[in-house]
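> From the sequence below, what's the structure:
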Amino acid sequence: MSDLHQRHKNTIALITGGAQGVGHAIAKQLIAEGCSKIMLAGRDCVKGQKAVERLGQSGVEIDFISIDLQNVQDCLDLVTTTIQRFGDLNVLVNAAAFGGRGTLIDTDIALWDMMFDTNARAPFFIMQGFVKHRQSQGGGGAIVNILSQCVHCGQSYLAAYSASKGALATLTKNVANAYRFDRIRCNAILPGWMDTPGEDITQRRYHGATDGWLEKAEASQPMGQLCKTYQLAELASYVLSPTAGVMTGALIDYDQNIVGVSPE
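Model prediction:
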């Protein structure tokens, strides 16, 4: 039985999308459970440095790298730079994603490429670098990919987004299977509708939402809330920890609405 507050004492983590939302919440949870070395990666340097300042107050070694996830070399360099900074790397969280809107009919090539380059190709090459490093160290390590309930279908206006997340779901299982004898575990969490800063921007930009939209949305949900990042972070921390044992290749639905249910 492990000490909850120390089960990540040997964790050296890399988290994309770590400046806010799910990625930031996972970083905070890992620190609460003993992690003392974390690299955050994202687009916005200002948000990244603010995140470093907030999380660094607990005395951990933490840094931020600005990265363009549509640039493959940036993705490969991300792993190398993290190892150079901390000397090792054994936990990876792919939380960064692009959630633009587009139906089958109105999605153009530029949107499709941006979606897949960010949501599928970037995690592919970041995991490639991570797995190569872990193999060079004799194996071991854990990956969590943050997906979406859209993997199961998604709304009509999320056609390309759903497809990109579906690709990452398959890749999660493929990686888990391919490197299980290296003791490298790879799992994914599929959250439903989430309360994040990014979702607030999305609701206002694409759906005409105004102040108070969150309260109205939560009142309509079975459990009276949207998914919360700090709650999901505890699950991610468990899956990434030695406590999860042999768990690999799992796609974990994280929502209050059940896939496949028909009206009574």
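
> contacts, neighbours, all on C-alpha from now
Will do.

> Confirm that Glu234 lies within a strand, as I assumed.
No: counting by DSSP: H, G, I helix; E, B strand; the rest coil, Glu234 is not found in a strand; it is helix.

> That one against Ile26, yeah?
Yes: using Cα atoms under 8 Å, Glu234 is in contact with Ile26, at 7.4 Å.

> Which one of these two is surrounded by more residues?
Legend: neighbour count by other Cα atoms under 10 Å for Glu234 and Ile26, higher for Ile26 (25 against 17).

> Pull the contacting residues for the residue nearest to the spatial centre of the chain.
Geometric centre of the chain, nearest residue: Ala95, 2.0 Å, by Cα atoms, centre = their mean. Listed by Cα atoms under 8 Å, 6 or more residues apart in numbering, the contact partners of Ala95 are 15-18, 22-23, 145-147.

> what secondary structure does the nearest residue to Thr16 once chain neighbours are set aside sit in?
Distance criterion Cα to Cα, 6 or more residues apart in numbering; nearest residue to Thr16, sequence neighbours excluded, is Ala41 at 4.6 Å. Per three-state DSSP, the secondary structure class of Ala41 is strand.

> and Ala41, how far is that from Trp213?
29 Å (Cα to Cα, to the nearest Å).

> Looking at the two, which one has more neighbours?
The residue with more neighbours, out of Ala41 and Trp213, is Ala41; 28 against 13, by other Cα under 10 Å.

> returning to that earlier point: was I right to think the residue nearest to Thr16 contacts Ile15?
Yes: using Cα under 8 Å, Ala41 is in contact with Ile15, at 6.1 Å.

> can you list contacts of the helix or strand of the chain with the lowest mean pLDDT?
Least confident element among the helices and strands of the chain, by mean pLDDT, DSSP states H and E: helix 197-207 (a mean of 84). Helix 197-207 is contacted from outside by 20-21, 101, 209-210, using Cα under 8 Å, 6+ apart.

> if you set the cut-off to 10 Å instead, what comes out?
20-22, 98-101, 193-194, 196, 208-211, 213-214 (Cα atoms under 10 Å, 6 or more residues apart in numbering).

> Tell me the buried residues within these.
20-22, 99-101, 193-194, 196, 214 (16 or more other Cα atoms under 10 Å).

> low-scoring stretches of this structure, by residue?
Where the chain drops to pLDDT under 70, the residues are 1-2.

> which helices and strands does the helix ranked longest in it pack with?
Using DSSP state H, we find that the single longest helix of the chain is helix 159-178. Counting by 3 or more Cα pairs under 10 Å, 6 or more residues apart in numbering; DSSP states H and E, the packing neighbours recorded for helix 159-178 are helix 109-116, helix 122-136, strand 142-146, strand 185-191, strand 251-254.

> Mind listing what's buried along that helix?
By neighbour count with 16+ other Cα under 10 Å, helix 159-178 contains the buried residues 159-169, 171-173, 175-176.

> How about residues contacting the following helix or strand past the least confident helix or strand of the chain?
The helix or strand immediately downstream of helix 197-207 is helix 213-219, counting by DSSP states H and E. For helix 213-219, the external contacting residues (Cα under 10 Å, 6+ apart) are 193-195, 199-200, 203-204, 224-227.
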